[in-house]
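>>> can't give you the sequence, but here's the structure:
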């Protein structure tokens with residue numbers, strides 16, 4: 001069984017039922033893991049690739065948690081919204097905002113630690129954090 005199939009099964013068991021979203025998440029997780037592994041191998045020569053890999057994993061975690069929350073929440077809420085009114089949708093919006101701001105805070109905290117405490121390269125962190133912006137559209141365009 002290939003790594004693609006293993007990650008696909010893992011995501012399916014976690015609740016990723018929409019194939020395009022599951023494929024994009026799968027590709028992002030695999031890319032981020034390989035990027036981190038490649039950076040760990042190159043540590044004796046340069047720390048920049050490692051920091052880009054760490055930032056890519058952080059970006060993948062952000063996308064994974066957001067996609068998981070949306071897939072679990074929206075199907076359960078949409079039919080109820082028509083019965084109960086907009087109150088349920090309002091609760092979902094608050095939950096989405098709270099989770100988004102919490103992830104943003106955690107991401108900012110880790111980026112701050114990397115920059116200040118570990119003297120990471122800002123360009124490396126930017127490359128890693130932009131992994132999801134690059135990999136997700138490519139996954140949707142070139143689906144297999």
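Looks like it came in fine. Here the structure is a predicted model, which is why all the values come from computation and not from measurement.
>>> looking at it, residue 4 is touching residue 31, isn't it?
No. Judged on Cβ atoms under 8 Å, residue 4 makes no contact with residue 31 at a distance of 11.5 Å. Backbone N, C-alpha and C define where each C-beta goes, glycine included.
>>> With neighbour numbers in mind, choose between the two.
More crowded of residue 4 and residue 31, by other Cβ atoms under 10 Å: residue 31, with 21 against 13.
>>> Mind telling me what element the more buried one is part of?
helix 19-41 (DSSP states H and E).
>>> now the end-to-end length of stretch 125-134.
Start-to-end span of stretch 125-134 (Cα to Cα, to the nearest Å) is 14 Å.
>>> Buried ones in it, by neighbour count?
Neighbour-count burial for stretch 125-134, counted by 16 or more other Cβ atoms under 10 Å, picks out 125, 127-129, 131-132.
>>> Ok, stretch 18-30 next?
Residues of stretch 18-30 classed as buried: 21-30 (neighbour count, 16+ other Cβ under 10 Å).
>>> ok, now stretch 57-66?
So for stretch 57-66, counting by 16+ other Cβ under 10 Å, buried means 57-64.
>>> now do stretch 1-20
7-8, 11, 16.
>>> Nearest residue to residue 110 in space, please, no chain neighbours.
Nearest residue to residue 110, sequence neighbours excluded (Cβ to Cβ, 6 or more residues apart in numbering): residue 58, at 5.9 Å.
>>> Kindly apply the preceding question to residue 37 instead.
Closest to residue 37 by Cβ to Cβ, 6+ apart is residue 53, at 7.4 Å.
>>> Which stretches in this structure count as helices?
With DSSP state H, the ranges of helices along the chain come out as 3-14, 19-41, 48-84, 87-112, 122-129, 131-141.
>>> average model confidence for the longest one?
It refers to helix 48-84. Average pLDDT, helix 48-84: 80.
>>> Can you give me the buried ones in it?
Within helix 48-84, judged by 16+ other Cβ under 10 Å, the buried ones are 48-64, 67-69, 71.
>>> quick one: the residue nearest to residue 110 from residue 39, how far?
According to Cβ to Cβ, to the nearest Å, residue 58 stands 13 Å off from residue 39.
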